[in-house]
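Undergrad: Any chance you could fold what I've pasted below:
(chains A and B)
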Amino acid sequence: MNEIKPTQSIGVSKPLVDGPEKVSGKARYSSDFIPSDSLVGRIYRSPVSHAEIIEVDISEAQALPGVKAVITGDESDEPFGVLPIARFEYPLARDKVRYKGEPVACVAAVDVETAQKAIDLIKFKYNELPAYFTSEEAMAEGAVNIHDHREGNIERDVEFDLGETDEGLEAADLIMEETYNCAEIAQVQSEPHAAIAEYDIERDFMTVRASTQVPYYVHKMLAKTLKMEESKIRMIKPFVGGGFGCRTECLNVELICALVARAAKGTVRIVISREETFITHRGRPETDIDMKIGVKKDGTITAVDFKAIQRGGGYSGYGVVTILYAGGLMFGVYDLPAVRYRGLRVLTNTPPPGAMRGHGTTDVRYAFENLLDKIAIELDMDPIEIRRKNLLQGPKYETLNEMFINSYGLPECLDWVEKESGWKERRGKMGPYKGLGVACAHYPSGASKPVNWTGEPHATVHLKLDWDGSITLLTGAPEIGQGSTTMATQCAAEILGLDMSRFQSLTSDSKLTPKDNGSYSSRVTYMVGNASIDAATNLKNILVEAAAKKLEVKPEDVECLGEVYRAGTQDEGLTFNEVVQAALEGTGTITVKGNYDTMPESWGTKKYRGGAISGSMAYAYAAQVVEVSIDPDTFEIKVEKVWAAQDVGKALNPLSVEGQIEGSVWMGMGQAISEGTLYVNGLGITNNMLDYRVPTIVESPPIEVGIIESIDPHGPFGAKEAGETSLVAFIPALTNAIADALGVRPVDLPVTPDRLMELMENYEKTQEAAE
Amino acid sequence: MSEKRNKTLLHCTVNGKERDDVVKDNILLADYLRENIGLTGTKIGCDGGECGCCTVLINGVPNHACLRLAATCQDAEIETIEALSEESRLSAIQRGFHEKLGAQCGFCTPGMIMAAEGLLRENPNPSEDEIRQGLAANICRCTGYVKIIESVQFAIDEINSRGKAA
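TA: Numbering: from 1, shown residues only, chains lettered A, B, ... in the order given. The predicted model follows:
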């Protein structure tokens, strides 16, 4: 008997299915579509931070030969925004501008020089208003309202008090508190934003290609702002050069591009500069945090009381979600008997931030883990032990905000980093200016309640099987480099037992692929992976039926071995192609679909308004140990090595999981030691990749990845989030390592050498004074 | 329309093919490659000399195509990512970046691979530190560079074992 086995794809390291295009230069990103008849679009941006618009005079610009269209805020009076409750932003400003660089007008011209000349001819008349560049200024008494309907410039004031917080603090043996400031950071994804819009005047039809993580949201906002039927729009997402949340909501670029293409009655290409991409950054907001933790002598946490203020910029964006995440995601890592939270999302005259990788939780988790570490030192406890002391107790993990936690590999993550880093043997014995630090984190696997409630499933995948025996996977899930197409293909291939080479894929084209909500909040592996499994299972059932008929046996007696379907080991069986032929008889090409829906138990708590935010089907966990050395003269921080353990449920593709964790850790390092935007009177002065310091290959550390597999009962083959959690853990692990190395504890981010030196000098002064 | 610009008759070799093109004196090499002759493999990721996405080889040496005017490339030999495949197969470096996941989103990849190509031509057996120095002008925002270093090392091993076999 010949040994036939189905091909295994899950748990096997697989290069990306779209890798050959990327390494050969064949992959086409939005800016690579350069039709010879396309016009160049260029945006005129506000030179002031806050003003009433008196007039945008475009007459001279329009009269310039070679200019095909000039549009202003008059072009669309429909506001856009990701949250249905907070749509106050127009593609081009109307009535008021609210931050420096806000789009005011757009030109479409035959070439870039003409477009720029036309931009220079636009006359913008305005009446300047007082502008606020910090949360504090915007909230000060007497500040004018940036939006009329947001009194005191508060976009959202959220609070909850779960458990008995005051009693918990009273019962504590030790209470520590600290104030933290975390700088605004930007994604600095490799590809600047780009869009190309083709308006077909004969059919009144719009085709848009754009660098986005959410083509479905863009599609909806295009229809809204253009006032066109959704069926008259085709939205395509080509290759995308990174996301990290920078394009997790529809941006003004795509909308302006389509509006100006319609006005010009043709095709317009807008590729914005790196400086403009910084202005359109949608990064992590500057956040001020007051953190208070109460503990018993043995390290048991009795209560947490904290406050977060986020500088929200000129428009809402994801703001309400971000400030709710900052509170809700306090839960789920440790067993917390009482938590009080107050969160303020403030409107300011700076570019709006958004939903950056580690959305909502990163800065708050940093503050918590930094302070918990300080408490451990005060109690003379091992920082790993204080974390162990407060772990959630299973098998059913109940949090006060009713999180749906069915898998929890954090204890194993802690064990792994403790052992691999040589924590017990090395900590405290490394000599001066060297240290080890630890921290933990978690992150959801997608928001269980979608932003737009439509009643449709969370994810839908189609599989098309045709006479040639090839299978095409059709998914709307936006591949942005995270490997979603590879993941979906692996899931389907595993179910069918076929080699992945039998599969091709088509992604993110609204006329071909099923709708998908988008690539954000780490939802794709969990939701689209499950939908892909469902689709493949449905296809397999059809094939088994067909094989049974051909073999004249019952379907339950058919054994599917991928390339061979047979009834019993003595049977030679049918080849896959023979089964396909049998299945297509009388019906032709087969397209099956698979769906995925979240369970209502995972929809979050009703105990406070906004409790649905942070509800997820599963949470990934991370523990990290960072080793640092500090230059005693310059206070430069060198990250010597990182041990990053993450409970990803199941590593569907270990190679890709490693890549995600390494990238996360490294991005966390940027935020921790060098990244931060700066504004002078609202003008961004770090809007390039030299002044905004992203780490280079030279200072990037070796990262040892520990994959922990807790097998989530509802995840696809047990998988959950892999790409965000480790970013969150890095930042506190680093500051805790610095505290171990120097005896002084950094609080504000980023921890630059200047700041560290100042901290050290102050520390030495207080030491001297004490003597 | 824009006024007439001074133009140059540019004679150069791009990916092994001799060309004679009339180019505006102010056009960047990156735009010439992408817009005039359709080689969009070379990417533009910043406003000038910051990210390295547009790295190409000029006479065998890595250069930022966004910091170079096309008109200054008279008689130069220019190589872009599109030239690296050997008989339509991926080169050792390209294969390394594919197999070892040196490319995630792929946008910095063409520039990164061209920088690695320049490095290995100059120094076929670089140490890890030399790889880091050789790629220091290229920013990747996805990988944390761990797998980029492994990709280049994969290529070095493949080239060396091929050399031995021959």
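Undergrad: Any regions of the stretch 151-300 of chain A where pLDDT drops low?
TA: Judged by pLDDT under 70, the stretch 151-300 of chain A has no weakly predicted residues.
Undergrad: State which one residue of it is found closest to chain B.
TA: Using Cβ to the nearest Cβ, A:Gly241 is the residue of the stretch 151-300 of chain A that sits closest to chain B, at 2.9 Å. The C-beta positions use only the backbone N, C-alpha and C, and glycine is treated the same way.
Undergrad: and what of the stretch 551-700 of chain A?
TA: When scored by Cβ to the nearest Cβ, the stretch 551-700 of chain A has A:Trp666 as its residue closest to chain B, at 3.0 Å.
Undergrad: same question, chain A
TA: Of all residues in chain A, the one sitting closest to chain B is A:Gly25 (2.2 Å; Cβ to the nearest Cβ).
Undergrad: Show me which helix or strand of chain A is least confident by mean pLDDT.
TA: The weakest-scoring helix or strand in chain A, judged by mean pLDDT, DSSP states H and E, is helix A:753-770 (a mean of 91).
Undergrad: ok, residues contacting that one?
TA: A:Ile630, A:Asp631, A:Thr634, A:Phe635, A:Glu636, A:Ile637, A:Ile738, A:Leu742, A:Gly743, A:Val744, A:Pro746, A:Asp748 (Cβ atoms under 8 Å, 6 or more residues apart in numbering or on different chains).
Undergrad: Would you mind giving me the PyMOL syntax to select the buried ones in those residues?
TA: Filtering the contacts of helix A:753-770 down to the buried ones (16 or more other Cβ atoms under 10 Å in any protein chain shown) takes a single PyMOL command:
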select buried, chain A and resi 630+635+637+738+742+744+746+748
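Undergrad: The contacts of helix A:753-770 into TSV, with extra columns for distance to A:Gln116?
TA: Putting those into TSV (distance: Cβ to Cβ, whole Å) gives the following:
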residue	distance to A:Gln116
A:Ile630	47
A:Asp631	45
A:Thr634	43
A:Phe635	44
A:Glu636	41
A:Ile637	42
A:Ile738	47
A:Leu742	51
A:Gly743	55
A:Val744	50
A:Pro746	44
A:Asp748	40
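Undergrad: Max pairwise distance over the contacts of helix A:753-770: which two?
TA: Maximum pairwise distance in the contacts of helix A:753-770, criterion Cβ to Cβ, is 19.9 Å, between A:Asp631 and A:Asp748.
Undergrad: Out of the contacts of helix A:753-770, name the ones that lie in helices.
TA: With helices identified by DSSP state H, the entries of the contacts of helix A:753-770 that belong to them are A:Ile738, A:Leu742.
Undergrad: So which of the contacts of helix A:753-770 is the closest to A:Ala536?
TA: For A:Ala536, the nearest member of these is A:Ile637. The distance, counting by Cβ to Cβ, is 47.6 Å.
Undergrad: How about that closest one: which residues does it bridge to?
TA: With DSSP bridges applied, the residues forming beta bridges to A:Ile637 are A:Ile630.
Undergrad: Tell me how many other residues surround the residue of chain B found nearest chain A.
TA: Chain A sits closest to B:Gly41 of chain B, with a gap of 2.2 Å, by Cβ to the nearest Cβ. Applying the criterion other Cβ atoms under 10 Å in any protein chain shown, we find 27 residues in the vicinity of B:Gly41.
Undergrad: from memory it sits against B:Leu84, does it?
TA: No: at 9.3 Å, B:Gly41 does not count as touching B:Leu84 under the criterion of Cβ atoms under 8 Å.
Undergrad: Now list whatever residues contact both of those two.
TA: Looking at what touches both B:Gly41 and B:Leu84 (by Cβ under 8 Å, 6+ apart), the common residues are A:Ser24.
Undergrad: so the residue of chain A closest to chain B makes contact with B:Arg34?
TA: No: look at A:Gly25 against B:Arg34 with Cβ under 8 Å: they stay out of range, at 10.8 Å.
Undergrad: So for the two, which residue has more residues nearby?
TA: Neighbours were tallied for A:Gly25 and for B:Arg34 using other Cβ under 10 Å; the higher tally belongs to A:Gly25 (25 against 22).
Undergrad: residues touching that one, list them.
TA: B:Leu39, B:Thr40, B:Gly41, B:Thr42, B:Thr80, B:Ile81, B:Glu82, B:Pro110.
Undergrad: Could you dump these into TSV and include secondary structure and pLDDT?
TA: Formatted as TSV, the entries for these read as follows, by DSSP: H, G, I helix; E, B strand; the rest coil; pLDDT from 0 to 100:
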residue	secondary structure	pLDDT
B:Leu39	coil	98
B:Thr40	coil	98
B:Gly41	coil	98
B:Thr42	coil	98
B:Thr80	coil	98
B:Ile81	helix	98
B:Glu82	helix	96
B:Pro110	helix	98
